[in-house]
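Build me a structure from this.
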Amino acid sequence: MDSGAIRRRVALGMAVLAASGLLTLAMPGSAHAASYCSGHKVRTLAFASGSVQVYKNRGYVCAVTFPKSGGARKWMSVSVQARGNRPVVNAGRFLHHAGPITVHAGHRCVWIKGAVGSSKVSSGWILC
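Purely as a prediction, here's the structure:
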């Protein structure tokens, strides 16, 4: 990958982080994926200890993992992979959510994964 492509990806990532930070400030106390992702909700992937909210907007797919119960920090992860690319992952010990992760999928299928603690979900190829 050339340095121009890397710079574009970093710039896109920073823009997404800045936008989600502004939305968080605009809606304090809101724990909904709509605060973090733009577009329309296309899926909710529920599992035993949480859910992954999936949004799509003009070829971009965004995902956020939320736990069912709040409180202490928990190990959480979210992953989005457009077919033909490597997955983009956000994982760690978080209080409220893992992500958001936004990738450009165009018209390609995506594979979404999410986890809270030892419980996890995997979508298989969707949004084809």
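
For Arg43, give its distance to Pro100.
From Arg43 across to Pro100, the span is 14 Å (CB to CB, to the nearest Å). All C-beta spots, glycine's among them, are computed from the backbone N, C-alpha and C.

Just want to know which of those two has more residues nearby.
For Arg43 versus Pro100, neighbours defined as other CB atoms under 10 Å are more numerous around Pro100 (24 against 18).

what's the nearest residue to that one if we skip its chain neighbours?
Spatial nearest neighbour of Pro100, excluding adjacent residues (CB to CB, 6 or more residues apart in numbering): Tyr36 at 4.1 Å.

Could you verify my assumption that that neighbour touches Ile101?
No. Counting by CB atoms under 8 Å, Tyr36 stays clear of Ile101, with 9.7 Å between them.

joint contacts of the two?
Counting by CB atoms under 8 Å, 6 or more residues apart in numbering, the contacts common to Tyr36 and Ile101 are 62, 64.

how many neighbours does the residue nearest to Pro100 have?
Residues near Tyr36, counting by other CB under 10 Å, number 26.

do the same with Ser122
13.

And Arg93, by the same measure?
Per other CB under 10 Å, the neighbour tally for Arg93 reads 10.

Contact partners for it?
Taking CB under 8 Å, 6+ apart as the test, what Arg93 contacts is 73-76.

ok, back up a step: tell me the pLDDT at the residue nearest to Pro100?
Here the pLDDT value assigned to Tyr36 is 90.

repeat for Ala26
Looking at Ala26, the pLDDT reads 36.

And stretch 48-68, end to end?
Criterion CA to CA, to the nearest Å; first-to-last residue distance in stretch 48-68 is 8 Å.
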